[in-house]
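Student: Structure for the following, please:
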Amino acid sequence: MLSDDLVALQEVDTAIDQLGFRRARLPEREAAAAAASQRDVSRKRAAAIAARQAEIEAAVAAAEKEGADLTRQRERLQAQLKTVIAPREAEALMHELETIAARRDALDDAELEHLEEDARLAGELAEVEAAVPAQDDAQAAAAAALAAAEAEIDAEVATLTERRNELVGRFDASALADYEAARRHHGGVAIARLDGRQCTGCHMDLSTSEFERVKATAASDAIAECPNCGRLLVP
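Tutor: Numbering: from 1, shown residues only. Okay, the predicted model is just below:
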């Protein structure tokens, strides 16, 4: 009967929908995402450390170059100081030498801080890089577990889809269109049964005339709609 085939089709579609819901929320999916995230965090941190080390190297090189320039300036001023006689000129040279010395001290302090930071980063980078192989293995294992779980569900869906295709072939275009429209409108559940005079879809009672009409429609191997919610009603 048409009603029996519609109920069977609804059961198959419900099962497929439930499998799709399960597939999207597999615990293996969350585990795979977490493993991939942990691996990516490590790789990003390693890249950030390498970038910072490059900045430090450039800063140290610049400091050394400026330090060499300051050394040459100091040597030039010290040579000039040996030749000057005027006290004011000597005082000016001494002031320049003090300024150079202060700048050189600041450069030395900054270079020392950079070198200490670079040493800390090198230690951290070694730890991060040591953890990456295990994280790669964990991510690969989690991805494989997810693929296996998805494949199992996909096989069930494929079997159900074959059954669905078989059932769909039993309907004319109009009946199938009505069913699909009701599924879209009612969140995937197109069929409701009668429980006495009550529609199990909306839980509303049918009037006597509506109930008699539904029974007469079913007796003619056709499908009636619930006058309250619009679902397809089967006895």
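
Student: for the chain, what spans make up the helices?
Tutor: Secondary structure of the chain, counting by DSSP state H: helices at 2-24, 27-81, 87-168, 173-185, 208-219.

Student: Can you add mean neighbour count and mean pLDDT and give these back as CSV?
Tutor: Where C-beta positions appear, they are placed from N, C-alpha and C, glycine not excepted. Formatted as CSV, the helices of the chain follow (neighbours: other Cβ atoms under 10 Å; pLDDT from 0 to 100):
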stretch, mean neighbour count, mean pLDDT
helix 2-24, 16, 92
helix 27-81, 14, 95
helix 87-168, 14, 95
helix 173-185, 14, 89
helix 208-219, 14, 84
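
Student: Can you tell me which of those is nearest to V234?
Tutor: In terms of Cβ to Cβ, the element of the helices of the chain nearest to V234 is helix 2-24, at 4.1 Å.

Student: biggest strand in the chain, by residue count?
Tutor: strand 191-195 (DSSP state E).

Student: Now it: average pLDDT?
Tutor: Mean per-residue pLDDT for strand 191-195: 88.

Student: cool, stretch 226-234 as well?
Tutor: Stretch 226-234 carries an average pLDDT of 87.

Student: Tell me the spacing between the most centrally placed residue in the chain and Q73.
Tutor: The centroid of the chain falls nearest to A33 when counting by Cα atoms, centre = their mean (7.1 Å). Going from A33 to Q73 by Cβ to Cβ, to the nearest Å gives 59 Å.

Student: same check, this time on V189
Tutor: 87 Å.

Student: Likewise for I153?
Tutor: For I153 relative to Q73 (Cβ to Cβ), the value is 75 Å.
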